[in-house]
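Asker: One predicted model, sequence on top.
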Amino acid sequence: MAFSASSPAPHGATGVLVLADGTIIWGKGFGAIGDAVGEVCFNTAMTGYQEVMTDPSYAAQIVTFTFPHIGNVGTNGEDMESAVEGAVGCVVREEVTLQSNFRSEVEFVEWMKAKGKIGLSGVDTRALTRRIRMSGAPNAVIAHSPEGKFDLDALLGKAQSWPGLEGMDLAIGVSRRDQESWNGSYWQLGHGYGEGEGDSRPHVVAIDYGAKDNIFRNLVRAGAKVTVVPAQTSYADIMALKPAGVFLSNGPGDPAATGEYAVPVIKALLDADMPLFGICLGHQMLALAAGAKTMKMHQGHRGANHPVQRVGEGWGETSGLVEITSMNHGFAVDGDTLPEGVEQTHVSLFDGSNCGIAIAGKKAFGVQYHPEASPGPQDSFYLFEKFVGMLG
Ligand SMILES: NC(=O)CC[C@H](N)C(=O)O
């Protein structure tokens with residue numbers, strides 16, 4: 001797989017992935033024309049590529065799909081997880097075929113172009129995934145030129161000078177700018193998205209650090225009235241909304257690099273005994289606010305079949321039960337740094353890493369995985385009910 005940076009494009013190559021170590025992977029470009037820099041990760045989900053590509057947590061990332069046929073059910077207006085930029089590009093095995101699905105509205109290739117995302121097909125994604133598993137997630141540039149013209153030295157320079165995700169605060173860039181009242185509920189075939197009902201529902205203020213919409217839909221489904229606020233909303237402004245509980249969303253970037261707008265506000269909410277629920281980045285920042293540390297993972301966890309086990313006190317008869325979960329994270333809470341009073345509630349059965357915490361004596365908990373799925377299994381929906389149920 002290693003080539004020199006000055007290798008000419010092989011005949012017919014219209015796309016390339018240039019890794020920061022000089023490895024050049026040729027293929028067929030699709031979607032937007034140009035180039036984009038990011039960290040290359042892999043996702044093992046077999047379905048849900050549109051949801052993956054629109055998850056803001058993938059900002060500044062290039063997703064390698066291990067499932068070989070991507071794009072074949074097209075795209076539609078309902079399966080968006082966010083309108084903001086998510087993954088900058090994707091790498092796939094097979095060339096994208098024509099769509100075949102009754103829900104499809106726009107071909108995946110056209111959709112990628114319209115969204116400004118670059119695709120690369122015809123890549124040995126199995127070899128690339130093995131490489132990431134062995135050597136960690138590399139920084140890279142993905143490029144698409146229909147004429148097959150690439151300045152490889154410039155692309156390599158771009159990949160090498162990109163500072164990488166560690167230490168990078170990205171949540172602020174993908175958060176909403178304005179407060180929003182959210183009332184959409186879950187999707188059902190033949191009905192589309194439902195709506196929340198009732199005036200006496202507990203009010204959840206959800207802080208958007210780069211949230212997936214399906215999280216808000218699940219909060220509504222579990223019985224909450226939801227107001228979404230931008231990442232930089234102050235403690236005072238959050239309290240002025242009189243929340244019964246505050247939700248901390250997922251989002252991109254390094255949790256330890258988020259600025260004064262995040263962890264100090266969460267710490268103040270915790271000190272005020274506000275009920276809190278965090279997912280992924282929100283979980284990591286809750287852990288930081290409680291005094292734990294986070295770290296960059298070797299290759300991260302991204303897929304729709306990650307087993308997570310319930311551990312510790314408080315589960316009663318369901319202690320030890322395994323949930324199959326959806327995941328997308330490249331950072332993790334260091335389970336060895338949990339201070340007294342912070343209990344580990346879930347661990348990954350793949351590598352034993354921390355997947356959940358609860359703060360003793362408070363109504364505050366977080367999970368590293370994605371109970372809202374989208375894509376993925378719905379084993380963990382109970383967490384939304386647990387949170388909304390706490391808000392009486
Ligand atoms: N999905 C997320 O919220 C991801 C959180 C964080 N950016 C990580 O990569 O670990």
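Answerer: Thanks, I have it.
Asker: So for stretch 247-258, first residue to last residue, what's the gap.
Answerer: 17 Å (Cα to Cα, to the nearest Å).
Asker: Report whether that stretch contacts the ligand.
Answerer: Yes. Interface with the ligand: stretch 247-258 contributes 250-253 (Cβ under 6 Å from any ligand atom). All C-beta atoms are positioned from the backbone trio N, CA, C, and that covers glycine.
Asker: Do I have it right that G330 meets G164?
Answerer: No. G330 lies out of contact with G164 (Cβ atoms under 8 Å); the separation is 10.5 Å.
Asker: what about the two, which has more around it?
Answerer: Ranked by neighbour count (other Cβ atoms under 10 Å), G330 and G164 place G330 first, with 23 against 15.
Asker: That one sits in which helix or strand?
Answerer: strand 322-333 (DSSP states H and E).
Asker: which residue packs closest to whatever residue of the stretch 101-250 of the chain ends up closest to the ligand, ignoring adjacent ones?
Answerer: Closest residue of the stretch 101-250 of the chain to the ligand, Cβ to the nearest ligand atom: N250 (3.1 Å). Distances taken as Cβ to Cβ, 6 or more residues apart in numbering place C280 nearest to N250, at 3.8 Å, with adjacent residues excluded.
Asker: okay, now that neighbour: neighbour count?
Answerer: Per other Cβ under 10 Å, the neighbour tally for C280 reads 30.
Asker: for S181, same thing?
Answerer: The burial count assigned to S181 is 8, neighbours taken as other Cβ under 10 Å.
Asker: Touching, it and T227? I think so.
Answerer: Yes. Between S181 and T227 there is a contact at 5.6 Å, judged by Cβ under 8 Å.
Asker: ok, which stretches of the stretch 1-150 of the chain are helices?
Answerer: With DSSP state H, counting those that start in this stretch as the criterion, the stretch 1-150 of the chain has helices at 49-53, 108-114, 125-135.
Asker: Deepest-packed of these, please.
Answerer: Burial of those is given as mean neighbour count (mean count of other Cβ atoms under 10 Å); helix 49-53 ranks first at a mean of 26.
Asker: helices or strands up against that helix?
Answerer: Identification of packing neighbours for helix 49-53 by 3 or more Cβ pairs under 8 Å, 6 or more residues apart in numbering; DSSP states H and E yields strand 61-65, helix 108-114.
Asker: which helices and strands does the longest one pack with?
Answerer: With contacts defined as 3+ Cβ pairs under 8 Å, 6+ apart, the packing partners of helix 108-114 are strand 24-31, helix 49-53, strand 118-121.
Asker: Output that helix in PDB with nothing but the alpha carbons.
Answerer: The C-alpha trace of helix 108-114 is given here as PDB (Å, rounded to 0.1, in the frame of the first residue of the first chain):
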ATOM      1  CA  PHE A 108     -26.200   8.800  -2.700                       C
ATOM      2  CA  VAL A 109     -23.600  10.100  -5.100                       C
ATOM      3  CA  GLU A 110     -25.700  13.200  -5.900                       C
ATOM      4  CA  TRP A 111     -26.400  13.700  -2.200                       C
ATOM      5  CA  MET A 112     -22.700  13.500  -1.300                       C
ATOM      6  CA  LYS A 113     -22.000  16.200  -3.900                       C
ATOM      7  CA  ALA A 114     -24.800  18.400  -2.700                       C
END
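Asker: How far off centre is that helix?
Answerer: 20 Å (Cα atoms, centre = their mean, to the nearest Å).
Asker: Give me the contacts around that helix.
Answerer: With contact meaning Cβ atoms under 8 Å, 6 or more residues apart in numbering, helix 108-114 is reached by 30-33, 49-50, 53, 70-72, 74-75, 90, 96, 99, 106, 118-119.
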